[in-house]
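**Q** Coordinates for the following, if possible.
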Amino acid sequence: MTNPYSVTQWLQLSMQQQGLLQPLGSLSELMQQLSYVQIDSINVVERAHHHVLHNRLADYSPAMLDEAMNDKTVFEYWSHAAAYLPIDDYRFSLYRKQQLQQGDKHWFEPEHKVMREVKARITAEGPLKASQFTHNADAKNGSWWDWKPAKKALEQLFIQGELMVARRDKFQKVYDLTERVLPNHIDTTVPSDSEFAQHLIKRYLMAHGFGNLQQIQYLRKGLKPLLTKTLAQMCEQGDIASFTVLHTNQVYFYQPKLTLPSTIPNKVWLLNPFDNLVIQRQKLKQWFGFDYQIEVYVPEAKRQYGYYSLPILWRDRFIGRVDVKADRKNQCLLLQNLHIETQILTNQHDEPHDKAHLVSALIEAIEHYTQFNNCQRWQLLQCNDKTIAQMLLKASQQGI
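**A** As a prediction, the model looks like this:
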């Protein structure tokens, strides 16, 4: 079939499916809708997983995620990266765990001596952190990823399912036996190939509205043949629909379940670099015309916008980015480099998208984000648009 929506409409649908337009009532409901929230350790501002939830839940606080772990409505495992996942999806983590238990190597062989010793200690003593295991001083100490054997063993046992993360202690994982963490009512039936593929497809399309094969299998190796086959079957059965882009790229979506949002508010979202909506750079560029790259991993001399630049979504378009840092000592959120895509604001046929509307919404977003980072004020250090810079400077001085 032909593409049923415009590019702008697809972005609006994605925003809706991502919980940005109609905030859901609970963290549990939001996790079900998003399917995962990526965990990241960078803390120049509040960490990524908390920021993603903050943008979607009214009055969100980091303690809510701790409570969800304690209540066992979410658990930690691997999605395309380390993530929080809804506990109801636990059985689908068993697909990868079974492969590892059957000999698919991560770091160690399944019956490695260190793994047996580590598991025996947790069995006897209860939940433990990696820091509570003694490092062998004679062991080779290489690069930063060359973890001590006990920590590797913990991660191996975790990734293959024998341990779970019971909680976090100052961001350190606290591991315990899976049988002591997992609620008794959770289904532990290992999914078939078909069930696992359908799960990935359904979760992605419901969370994003649409996507192609590459996006659905993002950073998951070896699944292309299975997903290709399952997508074709689901199309034949009428479960999903598809259309072709550029003659070859097949795009899939749930045709009966998509309803365009009625209105888009004059609102700015300061999104996290690891936000579910923006994590796939090529999709963001191809569909929404926004070439975004997190520059944390870019050498400082080659950075264009800054170490931790947040994508700025205004109404239904991406209009810039802002490099941020929380000066916690002085309780000040630093806007180190605000870069506005100026061509967005020069469209004479789109009256609502002018600087006054943008700045009004941007100030509100900055204030909200400042409070979220436990800062009392914010300060703009650099901006490529003089008019916007002056308006923001005036606002910051007035304490708006």
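**Q** CA only for contacts and neighbour counts going forward, please
**A** Fine.
**Q** residue ranges of the helices in the protein, please?
**A** Using DSSP state H, the helices of the chain run over 7-17, 27-34, 48-54, 62-71, 90-101, 113-125, 149-159, 178-181, 193-208, 213-216, 224-236, 281-288, 355-372, 386-398.
**Q** how about low-confidence regions in the stretch 151-300 of the chain?
**A** For the stretch 151-300 of the chain, residues meeting the criterion pLDDT under 70 lie at 247-248.
**Q** and what of the stretch 301-400 of the chain?
**A** 344-353, 399-400.
**Q** can you pull up the bridge partners for Val322?
**A** Beta bridges link Val322 to Leu310, Leu338 when assigned by DSSP bridges.
**Q** follow-up on the earlier one: out of the helices of the chain, flag the one nearest Gln132.
**A** helix 149-159 (9.5 Å; Cα to Cα).
**Q** Next, the angle helix 113-125 makes with the closest one.
**A** Orientation of helix 149-159 against helix 113-125 (axes from the mean of the first three to the mean of the last three Cα atoms, to 10 degrees) gives an angle of 80 degrees.
**Q** Helix 149-159 - contacts with which helices or strands?
**A** helix 113-125, strand 163-169 (3 or more Cα pairs under 8 Å, 6 or more residues apart in numbering; DSSP states H and E).
**Q** Deepest-packed of those, please.
**A** strand 163-169 (a mean of 20; mean count of other Cα atoms under 10 Å).
**Q** So in that sheet, which strands flank it, and in what orientation?
**A** Using DSSP bridges, the strands paired with strand 163-169 are strand 172-177 (antiparallel).
**Q** For the strand it pairs with, what is the distance to the chain centroid?
**A** The chain centroid and the centroid of strand 172-177 are separated by 22 Å under Cα atoms, centre = their mean, to the nearest Å.
**Q** Export that strand to CSV, keeping only CA atoms.
**A** Presented in CSV, the C-alpha positions along strand 172-177 are these (Å, rounded to 0.1, in the frame of the first residue of the first chain):
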residue,chain,number,x,y,z
GLN,A,172,26.0,-0.1,41.8
LYS,A,173,24.2,-3.3,41.0
VAL,A,174,23.2,-5.5,43.9
TYR,A,175,22.9,-9.1,42.6
ASP,A,176,20.9,-12.0,44.1
LEU,A,177,19.8,-15.4,43.0
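**Q** how about it: buried residues?
**A** Buried residues in strand 172-177, counting neighbours by 16 or more other Cα atoms under 10 Å, are found at 173-177.
**Q** Same question for stretch 49-58.
**A** 49-57.
**Q** Taking these, tell me the two that lie furthest apart.
**A** The farthest-apart pair in the buried residues of stretch 49-58, when distances are taken by Cα to Cα, is His49 and Leu57, at 12.4 Å.
**Q** before we move on, back to that, can I get the buried residues of stretch 49-58 in TSV with distance to Asn373?
**A** Shown next, in TSV, are the buried residues of stretch 49-58 (distance: Cα to Cα, whole Å):
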residue	distance to Asn373
His49	13
His50	10
His51	9
Val52	13
Leu53	13
His54	11
Asn55	13
Arg56	16
Leu57	15
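**Q** any idea which of those residues is closest to Lys285?
**A** Nearest member of those to Lys285, counting by Cα to Cα, is Val52, at 20.4 Å.
**Q** Not counting residues beside it along the chain, what's closest to the closest one?
**A** In space, Val52 comes closest to Asp275 once its chain neighbours are excluded; the distance is 5.8 Å by Cα to Cα, 6 or more residues apart in numbering.
**Q** which residues sit in contact with that neighbour?
**A** Going by Cα atoms under 8 Å, 6 or more residues apart in numbering, Asp275 touches 37-38, 48, 52.
**Q** which one of these is nearest Val359?
**A** Once Cα to Cα is applied, the member of the contacts of Asp275 that ends up nearest Val359 is Val52, at 22.4 Å.
**Q** If I follow the layout properly, the closest one ends up in contact with Leu271?
**A** Yes: under the criterion of Cα atoms under 8 Å, Val52 makes contact with Leu271 at 7.3 Å.
**Q** returning to that earlier point: reformat the helices of the chain as JSON lines; add distance to Pro311.
**A** What follows is those, written out as JSON lines (distance: least, Cα to Cα, whole Å):
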{"stretch": "helix 7-17", "distance to Pro311": "14"}
{"stretch": "helix 27-34", "distance to Pro311": "19"}
{"stretch": "helix 48-54", "distance to Pro311": "12"}
{"stretch": "helix 62-71", "distance to Pro311": "22"}
{"stretch": "helix 90-101", "distance to Pro311": "31"}
{"stretch": "helix 113-125", "distance to Pro311": "42"}
{"stretch": "helix 149-159", "distance to Pro311": "32"}
{"stretch": "helix 178-181", "distance to Pro311": "37"}
{"stretch": "helix 193-208", "distance to Pro311": "17"}
{"stretch": "helix 213-216", "distance to Pro311": "20"}
{"stretch": "helix 224-236", "distance to Pro311": "30"}
{"stretch": "helix 281-288", "distance to Pro311": "11"}
{"stretch": "helix 355-372", "distance to Pro311": "12"}
{"stretch": "helix 386-398", "distance to Pro311": "17"}
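**Q** Tell me which of those approaches Asp327 most closely.
**A** helix 355-372 (10.8 Å).
**Q** on that earlier part again, now render the helices and strands packed on helix 149-159 as a markdown table, adding distance to Gln250.
**A** Below are these laid out as a markdown table (distance: least, Cα to Cα, whole Å):
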| stretch | distance to Gln250 |
| --- | --- |
| helix 113-125 | 44 |
| strand 163-169 | 38 |
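**Q** Which among those is found nearest to Ile264?
**A** Across the helices and strands packed on helix 149-159, the minimum distance to Ile264, taken as Cα to Cα, is reached by strand 163-169, at 37.2 Å.
**Q** Need the residues that contact the closest one.
**A** Identification of contacts with strand 163-169 by Cα under 8 Å, 6+ apart yields 66, 69-70, 75-76, 127, 154, 157-158, 173-178, 181-182.
**Q** Neighbour count says what about these? Which are buried?
**A** Buried among the contacts of strand 163-169 by 16+ other Cα under 10 Å: 69, 75-76, 127, 154, 157-158, 173-178, 181-182.
**Q** Good, wrapping up.
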